[in-house]
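Colleague: model the following, please.
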Amino acid sequence: MIGVSAPVRVRDLLRRAADGPVRVVHRGSAAVYLAVHDDGRETCVGVLGADAVPVPCGLRSRLPSLAVGTAAVHGEVLHLDDEPVVVRRLVDTRVPARSPLPRTGLRPTPGLPAEVTPDAVAGLVGRGEGLTPLGDDVLCGWLALHRAAGVATPEVDAAVLAHLHRTTLLSAELLRCALRGEVVPQFAALVTALGTAAEPAARAALTAVGHTSGAAMVHGAALALSALHTEGVAA
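Modeller: Just a heads-up that it's a prediction; the model follows:
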């Protein structure tokens, strides 16, 4: 038996999943990503080892490493190589509410995308390499900070949803998470720390996530913060 912590939404998704084999999208020693069908489309769910990035679509375990051959759902329970994955604890992946947002030292990074607009989304989704392309991570940071501020972004949201086919299954799911205001803990910590003495350390911790993912999320958050101050939404 593999004990895990899970976001409520991921736990409920597995409870709805039909019995049968589950496609393995990516195998790694730190994390395994699976394509679980939900309401007629494939949704990405991660099974995460102790050292994996705790993505908001993941089941978090304390395993030092993962070696998975097959996956399947039986009786509302995910199985990895016939080993049941049991949810023992629930985790909150929601971005903290911060409205109004304070003025901070967070600044966009030169050389990265300069803006997020409905027209710019097509050039961002899927832009870059790896399981989570850089352009997607920028969008995740931008979207999540707007959710923290309680500011709706319907035109950008619609553009993102229209272009999800351009990126990986995992990255598309993380964009959906950002649209719902679901984030990695390091992003949540940065939002909480904005405008305080803890902000530089929180920014550094998020920047260290992944190869470029954390830095791109910081950049997206900085773009959002700048736009919100310009629009007079933030303090």
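Colleague: which strand or helix spans the residue nearest the centre of the chain?
Modeller: When the chain is reduced to its mean C-alpha position, the nearest residue by CA atoms, centre = their mean turns out to be L174, at 3.8 Å. Element membership for L174 (DSSP states H and E) is helix 169-179.
Colleague: domain map for the protein?
Modeller: With automatic domain parsing as the criterion, the domains of the chain are listed as 2-91, 121-230.
Colleague: and the ones you listed as CSV, adding distance to P108 and mean pLDDT?
Modeller: Glycine gets a C-beta too; all of them are placed from N, C-alpha and C. Converted to CSV, the domains of the chain look like this (distance: least, CB to CB, whole Å; pLDDT from 0 to 100):
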stretch, distance to P108, mean pLDDT
domain 2-91, 23, 95
domain 121-230, 5, 97
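Colleague: including distance to S99, could these go into CSV?
Modeller: Output for the domains of the chain, formatted as CSV (distance: least, CB to CB, whole Å):
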stretch, distance to S99
domain 2-91, 21
domain 121-230, 5
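Colleague: give me whichever of those domains is most buried.
Modeller: Comparing the domains of the chain by mean neighbour count (mean count of other CB atoms under 10 Å), domain 121-230 ranks first with a mean of 21.
Colleague: what's the first-to-last distance across it?
Modeller: Across its full length, domain 121-230 reaches 20 Å end to end, with CA to CA, to the nearest Å as the criterion.
Colleague: and the longest helix for the chain?
Modeller: Across the chain, the helix with the greatest residue count (assigned by DSSP state H) is helix 213-230.
Colleague: what packs against it?
Modeller: Here helix 213-230 touches helix 134-149, helix 185-193, helix 199-207, going by 3 or more CB pairs under 8 Å, 6 or more residues apart in numbering; DSSP states H and E.
Colleague: what's the last one packed up against?
Modeller: Looking back up the chat, that one is helix 199-207. If contacts are counted by 3+ CB pairs under 8 Å, 6+ apart, helix 199-207 sits against helix 185-193, helix 213-230.
Colleague: about what we covered before: mind exporting the C-alpha coordinates of the helix holding L174 to CSV?
Modeller: Presented in CSV, the C-alpha positions along helix 169-179 are these (Å, rounded to 0.1, in the frame of the first residue of the first chain):
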residue,chain,number,x,y,z
LEU,A,169,-1.0,16.8,-21.0
LEU,A,170,0.7,17.7,-17.7
SER,A,171,1.3,21.4,-18.6
ALA,A,172,-2.3,21.7,-19.8
GLU,A,173,-3.5,20.3,-16.5
LEU,A,174,-1.3,22.8,-14.6
LEU,A,175,-2.8,25.6,-16.6
ARG,A,176,-6.3,24.4,-15.7
CYS,A,177,-5.1,24.3,-12.1
ALA,A,178,-3.9,27.9,-12.3
LEU,A,179,-7.3,28.9,-13.8
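Colleague: who's in contact with that helix?
Modeller: The set of residues external to helix 169-179 that reach it, using CB atoms under 8 Å, 6 or more residues apart in numbering, is 25-26, 33, 35, 42-44, 46, 55-57, 93, 125-126, 131-133, 136, 139-141, 143-144, 147, 157, 160-161, 164-165, 167, 183.
Colleague: quick check, H74 in contact with D19.
Modeller: Yes - between H74 and D19 a contact is recorded at 5.6 Å, counting by CB atoms under 8 Å.
Colleague: returning to what we had before: out of the contacts of helix 169-179, name the ones that lie in strands.
Modeller: Using DSSP state E, the members of these that fall in strands are 25-26, 33, 35, 42-44, 46.
Colleague: L190: what's it in contact with?
Modeller: Listed by CB under 8 Å, 6+ apart, the contact set of L190 reads 199, 202-203, 205-206, 218, 221.
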